[in-house]
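Visitor: Below: sequence and its predicted model.
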Amino acid sequence: MADDNLRMQRRVGEFQIFESGPRTVVGFTGEQPADWLEADACRQQLLDLIDECGCESLIFDLTGVDYLSSGWLALVVAPTQKGVSVTLYDVSPHLRAVLRRTRLDGLVTISQHRLAP
């Protein structure tokens, strides 16, 4: 593969994958993610993707997402247990407050900016 980062538009469970490689970008494409049962099913798929592409930095584009269940919050921080840095882009004020109250904001980087295309 000529480029370490593979740019693509494919889905893994609820996620749209915008880019994969050492820097991997995933998002929900402006939709609220399904319930926690779907999060549990997607967790292993996401961890497998991280292993497959040698991900070191995982970026979640949260455009249009106002709420994440506890299952989805757990999924978002799970990659940190593998040593992967996690950044959340375009985080709603409500979700930012939830991350602060649960102290998950100490495990991930929260960017107030939108992710550049």
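Guide: Everything's here; your move.
Visitor: in the chain, which ranges drop under the pLDDT threshold?
Guide: Low-confidence segments of the chain (pLDDT under 70): 1-14, 29-38, 113-117.
Visitor: where along it do the strands fall?
Guide: Assigned by DSSP state E, the chain shows strands spanning 6-12, 15-20, 23-27, 57-61, 85-89, 109-111.
Visitor: mind checking which of those strands is nearest residue 49?
Guide: strand 6-12 (5.7 Å; Cβ to Cβ). Where you see a C-beta, it was placed from the backbone N, CA and C, and this is true even at glycine.
Visitor: neighbours around the spatially closest residue to residue 86 that is not a sequence neighbour, how many?
Guide: Counting by Cβ to Cβ, 6 or more residues apart in numbering, the nearest residue to residue 86 once its immediate chain neighbours are dropped is residue 108, at 4.3 Å. Using other Cβ atoms under 10 Å, residue 108 has 20 other residues around it.
Visitor: Let's have the strands of the chain in TSV, adding mean neighbour count.
Guide: As requested, those are exported to TSV (neighbours: other Cβ atoms under 10 Å):
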stretch	mean neighbour count
strand 6-12	11
strand 15-20	19
strand 23-27	21
strand 57-61	22
strand 85-89	19
strand 109-111	14
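Visitor: can I get the ones you listed in CSV with distance to residue 67?
Guide: As requested, the strands of the chain are exported to CSV (distance: least, Cβ to Cβ, whole Å):
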stretch, distance to residue 67
strand 6-12, 21
strand 15-20, 17
strand 23-27, 15
strand 57-61, 14
strand 85-89, 14
strand 109-111, 16
